[in-house]
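**Q** please work out how this folds:
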Amino acid sequence: MVKITFHTVAAQKPEKETDEDRIVIPQTHEELGLPLQTKKSLVNYHCCLIFNLVVFISVLVLSSILLYCYYFLPQQTPEDSLFHCRVIYEDSVFTPQSGRHQLEEKVEIHFQDNYEYISVPIPRFGSDPAVIFHDFNRVLTAYYDTTLEKCYIIELNTTLVMPPRSLWEMLVNVEKGMYLPKTYIIQEEMVVIGRVRNTRQLGPFIHRLCHDKETYRLKHRNKRRRIDKREAKLCHKIRHFENTFVVETVICDRA
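**A** As a prediction, this is how the structure comes out:
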């Protein structure tokens with residue numbers, strides 16, 4: 001007799017899952033990526049970096065512009081604006097027997113402040129040494145007679161006086177020979193009309209020239225007439241040039 005025995009089949013256990021086969025589904029409450037504090041730090045770092053970069057580029061651009069303007073653009077250097085000039089002129093009207101004369105002066109031209117500064121040393125004859133200041137901003141001219149130590153103020157005569165740029169161009173064109181072309185002389189007569197008590201009202205440059213000096217206002221004579229010997233004692237002359245001709249400025253203490 002054969003005994004047949006039946007065994008209950010055990011439930012098959014599932015194979016153990018490996019890490020490679022497991023799929024993890026993130027929960028909604030879990031953070032993706034870096035923590036919040038780390039993200040804020042990175043944002044602040046990038047903001048600071050961008051700000052510093054902008055500041056650096058701005059400083060670099062500004063420095064480049066300043067260097068370009070200073071070194072590469074044409075600049076008015078002292079050598080460009082300072083001239084030591086001599087002019088040969090004919091005095092055929094006033095002293096025809098003496099013929100040709102020579103006049104020397106130093107000219108400083110300042111474009112930025114828009115003025116001309118002229119220094120006339122002691123001439124060889126017939127004129128006083130002087131400093132002449134043409135202020136094109138205030139449209140005034142100041143004559144400082146260094147012999148008399150007096151200042152004289154009058155409205156700038158733009159017909160006789162070249163503006164700074166034009167005078168500079170003329171002097172540059174004749175600079176190689178250091179002589180102006182042979183020219184002529186004209187005369188202008190002025191008379192004192194009053195004392196100036198406060199030179200500050202004349203601007204900083206003329207105030208600097210005439211401060212603590214006797215200062216007078218001038219006007220042109222209405223009628224041109226010959227100065228007699230008696231009147232000549234009360235007059236003095238300043239010869240100078242700031243054009244293609246020489247000007248003899250005659251200043252008289254009274255009409």
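
**Q** what is the burial count for the nearest residue to His110 once chain neighbours are set aside?
**A** Leaving out its chain neighbours, the residue that sits closest to His110 by C-beta to C-beta, 6 or more residues apart in numbering is Ser81, at 6.5 Å. All C-beta spots, glycine's among them, are computed from the backbone N, C-alpha and C. Ser81: 18 surrounding residues under other C-beta atoms under 10 Å.

**Q** ok, Ser81 - contacts?
**A** Residues near Ser81 by C-beta atoms under 8 Å, 6 or more residues apart in numbering: 108-111, 168.

**Q** switch the cut-off to 10 Å
**A** Counting by C-beta atoms under 10 Å, 6 or more residues apart in numbering, Ser81 touches 107-112, 116-117, 164, 168, 171.

**Q** looking at those, which are in helices?
**A** Using DSSP state H, the subset of the contacts of Ser81 located in helices is 164, 168, 171.

**Q** so which of these is the most crowded?
**A** Pro164 (22 neighbours).

**Q** quick one, what contacts that residue?
**A** 76, 81, 108-116, 134, 136, 242.

**Q** the strand ranked longest in the chain: which residues count as buried?
**A** Ordering each strand of the chain by length in residues (DSSP state E) puts strand 179-195 first. Within strand 179-195, the residues that count as buried by 16 or more other C-beta atoms under 10 Å are 180, 185, 189-192.

**Q** gap between the two ends of stretch 110-128?
**A** 25 Å (C-alpha to C-alpha, to the nearest Å).

**Q** next SSE downstream of the longest strand of the chain?
**A** helix 204-210 (DSSP states H and E).

**Q** cool, thanks, talk later.
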